[in-house]
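**Q** quick one, fold the following:
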Amino acid sequence: MMLRIRLSDASATMEFRQIQYFISLYEDGSVTRAARRLHIVQSALSMQMAKLEAEVGQPLFMRTPQGMQPTPEGRRLYRLFLPVVTGFQRAREQVVEATGELSGEVRFGMIATIAQGVLVDAIMEFSPAHPKVELSMTDGFSGDLIDAVALGQLDAAVINKPRRALTLRSETIAEEDLLLVTGPAHADVPASLGFSGMSALKLVFPTRRHGLRGIIESFAEAEDVTLSPSLEIDSISAILKLVSESDFCTLLPHVAVRGQLERAELKGHRFASPRLRRQIVAVTDPRRPLSPAAAAFLLVLRRHLVGLGPVPPR
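**A** Modelled structure (predicted):
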């Protein structure tokens, strides 16, 4: 079936295929990557984009050393086209769901501590059970992930609970403790450690762009404690490596260090007072309900976050 869409302001009839090609090129920023994603040759993609630009009457991309950059008209069309493509994909997935087998693309974003802690385990459970579902996962800062959900680039984002109100839907899916994490070279930590004792420690924290840093500083402000980290690193894996090989210590949520604690590679210390907790939320756009496949993946991810792991076979 050939689906055509008529845009009154462009006075032209566009094929749905052209819109799909445009969306891919916009998101990938490269003819090579977009063609590979679409499973077509580059010349076919370039030809369809030339036809689309001719129908619109304006250039949609500029070729630069950094790749294909959208023009203002290209950005406007992306905002118009994305809901059309997303809606079509959702409708197709719901039709396929009637057969009892999940399919389609699931696009999730998550903060680094979640990706570090449970993403691989969730994928290893989900993918064999749903081989026709294509998973696309990315990590990043909370603000960037929220914007991507709002633009329709992601189905959902799993992040720390924002301190500001969102226009998107936000659902708490887990709560967990923040631990003081030390390595083998670190001196023993007293069992009665209070948060005020943090100021005397050799600390490495994420930068202030990182949502976790905001949570740490909110606790410090509430306790009237000044924290001055010696180092700031956004990479959670780099922080963990530094802590494991030196006398630095850090504050991280339990999920980010669960494996290392179980293997006794690191030590985790809870504070006697106050108890440090963070809330993890799933952010979605109420205008675009999750597809059955996306909802199923979120359920698996949520189960791993709360430490339940995979469902045992019956």
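**Q** who's in contact with the helix or strand hosting I159?
**A** Taking DSSP states H and E as the definition, one finds I159 inside strand 156-160. Residues from elsewhere that reach strand 156-160 (C-beta atoms under 8 Å, 6 or more residues apart in numbering): 108-111, 114, 142, 145-146, 148-149, 173, 211-212, 214-215, 278-284, 290, 294, 298, 301. Bear in mind the C-beta positions are built from the backbone N, C-alpha and C, glycine included.
**Q** just the angle for whichever helix or strand comes after that strand relative to strand 156-160, thanks.
**A** Scanning forward in sequence from strand 156-160 by DSSP H and E, the next helix or strand is strand 169-182. Going by axes from the mean of the first three to the mean of the last three C-alpha atoms, to 10 degrees, strand 169-182 is angled at 40 degrees with respect to strand 156-160.
**Q** model confidence over strand 169-182, on average?
**A** Mean pLDDT, computed over strand 169-182, is 89.
**Q** secondary structure class for the residue most central in space within the chain?
**A** For the chain, the residue nearest the mean C-alpha position is G109 (1.5 Å; C-alpha atoms, centre = their mean). Assigned by DSSP: H, G, I helix; E, B strand; the rest coil, the conformation of G109 is strand.
**Q** does it touch L145 like I think?
**A** Yes: between G109 and L145 there is a contact under C-beta atoms under 8 Å: 4.0 Å.
**Q** how far does the strand holding I159 sit from the chain's center?
**A** Distance of strand 156-160 from its chain centroid, counting by C-alpha atoms, centre = their mean, to the nearest Å, is 6 Å.
**Q** neighbouring strands of it in the sheet, and parallel or not?
**A** Using DSSP bridges, strand 156-160 pairs in its sheet with strand 104-110 (parallel), strand 277-284 (antiparallel).
**Q** so which residues make contact with the shortest one?
**A** Pointing back at strand 104-110 there. Contacts of strand 104-110 (C-beta under 8 Å, 6+ apart): 89, 92-93, 96, 119, 132-140, 145, 148-149, 153-159, 291, 293-294, 297-298, 301.
**Q** so after that strand, what's the next helix or strand?
**A** Helices and strands here follow DSSP H and E; after strand 104-110, the next one along the chain is helix 112-114.
**Q** buried stuff in that following helix?
**A** Across helix 112-114, burial judged by 16 or more other C-beta atoms under 10 Å covers 112-114.
**Q** got it, and stretch 71-90?
**A** Residues of stretch 71-90 classed as buried by neighbour count (16+ other C-beta under 10 Å): 74, 77-78, 81-82, 85-86, 90.
**Q** put the alpha carbons of that stretch into CSV.
**A** Provided in CSV are the C-alpha atoms of stretch 71-90 (Å, rounded to 0.1, in the frame of the first residue of the first chain):
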residue,chain,number,x,y,z
THR,A,71,17.7,24.2,7.8
PRO,A,72,15.0,26.1,9.7
GLU,A,73,12.4,24.7,7.3
GLY,A,74,13.9,21.2,7.9
ARG,A,75,13.4,21.6,11.7
ARG,A,76,9.8,22.8,11.2
LEU,A,77,9.0,19.8,9.0
TYR,A,78,10.5,17.5,11.5
ARG,A,79,8.2,18.8,14.2
LEU,A,80,5.2,18.3,11.8
PHE,A,81,6.2,14.9,10.5
LEU,A,82,7.4,13.1,13.7
PRO,A,83,3.9,12.7,15.2
VAL,A,84,2.6,11.3,11.8
VAL,A,85,5.3,8.7,11.7
THR,A,86,5.1,7.8,15.4
GLY,A,87,1.3,7.5,15.1
PHE,A,88,1.6,5.2,12.1
GLN,A,89,4.1,3.0,13.9
ARG,A,90,1.9,2.7,17.0
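**Q** having no further points to raise, I will conclude here.
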